[in-house]
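>>> Here's my sequence, what's the structure:
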Amino acid sequence: MEVLIVSAGSWGDIAPHTGIARRLTEAGHTVTLATHDRLAPQIRARGFAFRSLDMDISDLFGAAAAEGGDGVARPARGAASPLTNL
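Got it, this is the predicted structure:
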């Protein structure tokens, strides 16, 4: 079976998914992890296929903080989903 694991955040958010991916691979499945481009080297170094999300969640958090908001990242109305190209 082909499995796509989609996760966003820092390496600390993504790393646990590599454990799940490893177990699935050991069970004979083909696993791809989709996350931010900046984490591609870590994903590929662990032997998994990589797919890029169209946006980096840290960009949203930075924008929310810069706007003096409550720090909660919310996509702009009409914004494209980061999952459209998966």
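
>>> Now do the lengthiest helix in the chain: everything it contacts.
Longest helix in the chain, counting residues (DSSP state H): helix 11-26. With C-beta atoms under 8 Å, 6 or more residues apart in numbering as the test, helix 11-26 has contacts from Val3, Ile5, Ser7, Val31, Leu33, Thr35, Leu39, Gln42, Ile43, Arg46, Gly47, Phe48. From N, CA and C alone the C-beta is placed, and that goes for glycine too.

>>> Val31 touches Phe48, doesn't it?
Yes - using C-beta atoms under 8 Å, Val31 is in contact with Phe48, at 5.6 Å.

>>> who are the neighbours in contact with the nearest residue to Asp37 once chain neighbours are set aside?
In this structure, Asp37 finds its nearest non-sequential neighbour in Ser52, 5.2 Å apart by C-beta to C-beta, 6 or more residues apart in numbering. Contact analysis of Ser52 by C-beta under 8 Å, 6+ apart lists Ala34, Thr35, His36, Asp37, Ala40, Asn85.

>>> May I see the PyMOL selection of the buried members of those residues?
PyMOL command restricting these to the buried ones, with burial defined by 16 or more other C-beta atoms under 10 Å:
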select buried, resi 34+35+36
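
>>> Select from the contacts of Ser52 every entry located in helices.
Judged by DSSP H, the subset of the contacts of Ser52 located in helices is Ala40.

>>> State the pair within the contacts of Ser52 that is farthest apart.
Across the contacts of Ser52, no pair lies farther apart than Ala40 and Asn85, at 14.6 Å, counting by C-beta to C-beta.

>>> okay, and for this protein, where does confidence drop off?
For the chain, applying pLDDT under 70 flags the ranges 56-86.
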